[in-house]
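> got a predicted model here, sequence first, then my questions.
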There are 2 protein chains.
Amino acid sequence: MERVSEELDLDAQLRIAVGRLNRRIRAEKASDELSDGQFSVLALLYREGPHTVGELAEAERVTPPSMNRRVNSLVEGGYVTREGSPDDGRKVIVRVTDAGAAFVTETRRRREHWLNKRTRALTAAQRETLRQASVIMKELADS
Amino acid sequence: MERVSEELDLDAQLRIAVGRLNRRIRAEKASDELSDGQFSVLALLYREGPHTVGELAEAERVTPPSMNRRVNSLVEGGYVTREGSPDDGRKVIVRVTDAGAAFVTETRRRREHWLNKRTRALTAAQRETLRQASVIMKELADS
DNA sequence: CGCAGGTAATTAGCGTTGCTAAGGAGTAGC
DNA sequence: GCTACTCCTTAGCAACGCTAATTACCTGCG
């Protein structure tokens, strides 16, 4: 692993690191009530307010049927509601319920997660690197 | 996004960034012949030589049955071979074939991948940040 | 008006990949 | 040589993504 950190391997390194860390985060999540994708949708709705199914699909970069399934699960769990759009009957607006909002805040509060614990053990400089990298990675993902 | 990059949110930011980038990388992969996980195993075998199924499972952090399935796919595709261990009949040694090795090098060569293109467009400082972050993220994942 | 064509959501059905549980073959120790 | 353990494999299940097809609705043009 010594000479591997050459310029040319940034690609491979980043890909592997992102893949592993992502899997590890998923494996260590605190609550089993919602999947990663479901919680992601719930958090988005909580953060940015009601959205249509199509908007959610686009935001999460999944197809409408996939998003529809996620929304179904959330509705069944009582985390969100579906309501028809007043001005366009084709559209369906998804809105967080009080229970859903509570779940988001509650989940955040009890996040003595694996990741949290680990990042706390890092140096300030390492955390800063990760923070900057997060911004760059998001830009990469959204570009 | 201004005040969001506070200490407390590193967690959430990193998690989201890793999730999104991981999905995006997977979506944009060049070759459809092998899945991400299958290629990961193939590359490991190419890089580090023959391993048993159990070793591969541990290295990739999946269960033995899951690894067994990956190996099956690779054997069917002619990328690797299965052979009994000479000294322990229970073990099965997985070894890259010439075709498998060629696929790894060929895949690397034709990697004008999405990620590669994007990272090339970054500044040197940004690449350096990502490189350092990759190391830290791997440590996090492996800890 | 009324129908043709487009858009949004949904349903149906498939493939991949992970897991747990259980089975089969081989090894090791008493 | 029998018991217990290890390693791989098979069987069956669940999650989640996708494409294709269906339903409901809107829009515009004859």
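Good, I have the coordinates.

> residue of chain A nearest DNA strand C, please.
Distances between chain A and DNA strand C by CB to the nearest atom of the strand are smallest at residue A:54, namely 2.4 Å. For every residue, glycine as well, the C-beta is placed using N, CA and C.

> give me the domain ranges for chain A.
Per the record, chain A has its domains at A:7-30+A:111-143, A:34-100, by automatic domain parsing.

> is chain B contacted by the longest one?
Yes - judged by CB under 8 Å from any CB of the partner chain, domain A:34-100 and chain B are in contact via A:36, A:40, A:61.

> and if you look at the first one?
Yes - among the residues of domain A:7-30+A:111-143, A:7, A:10-11, A:13-25, A:27, A:111, A:113, A:115-116, A:118-119, A:122, A:126-127, A:129-138, A:140-143 lie within reach of chain B under CB under 8 Å from any CB.

> any of those buried? List them.
Buried subset of the residues of domain A:7-30+A:111-143 next to chain B (neighbour count, 16 or more other CB atoms under 10 Å in any protein chain shown): A:10-11, A:13-25, A:111, A:113, A:115-116, A:118-119, A:122, A:126-127, A:129-134, A:136-138, A:140-141.

> would you list the phi and psi of residue A:121?
As for residue A:121, its main-chain torsions (degrees, to the nearest 10) stand at phi -80, psi -10.

> and the gap between it and residue A:132?
19 Å (CB to CB, to the nearest Å).

> ok, the residue in chain A that chain B sits nearest to - contacts?
Residue of chain A nearest chain B, by CB to the nearest CB: residue A:133 (3.3 Å). Counting by CB atoms under 8 Å, 6 or more residues apart in numbering or on different chains, residue A:133 touches B:14, B:17, B:129, B:130, B:132, B:133, B:137.

> show me the shaky parts of chain A.
A:1-9, A:23, A:26-32, A:110-113 (pLDDT under 70).

> contact residues of it facing DNA strand D?
Residues of chain A lying near DNA strand D by CB under 7 Å from any atom of the strand: A:35-38, A:61-63, A:65-66, A:69-70, A:73, A:88-90.

> from those residues, which is closest to residue A:106?
Proximity of these to residue A:106 (CB to CB) peaks at residue A:38, which lies at 15.2 Å.

> ok, now how distant is that closest one from residue B:59?
Per CB to CB, residue A:38 is found 30 Å from residue B:59.

> how many residues are close by residue A:56?
Applying other CB atoms under 10 Å in any protein chain shown, we find 21 residues neighbouring residue A:56.

> excluding sequence neighbours, find me the nearest residue to it.
residue A:67 (5.0 Å; CB to CB, 6 or more residues apart in numbering or on different chains).

> contacting residues around that neighbour?
Taking CB under 8 Å, 6+ apart, we find residue A:67 in contact with A:41, A:53, A:54, A:56, A:57, A:60.

> could you tell me whether the third one really is in a helix?
Right, residue A:54. Yes - per DSSP: H, G, I helix; E, B strand; the rest coil, residue A:54 lies within a helix segment.

> would you mind confirming that it is in contact with residue A:91?
Yes - under the criterion of CB atoms under 8 Å, residue A:54 makes contact with residue A:91 at 7.5 Å.

> tell me what the host helix or strand of residue A:38 is packed against?
For residue A:38, the host element (DSSP states H and E) is helix A:36-48. Here helix A:36-48 touches helix A:53-60, helix A:64-76, strand A:92-96, helix A:98-109, helix B:10-27, going by 3 or more CB pairs under 8 Å, 6 or more residues apart in numbering or on different chains; DSSP states H and E.
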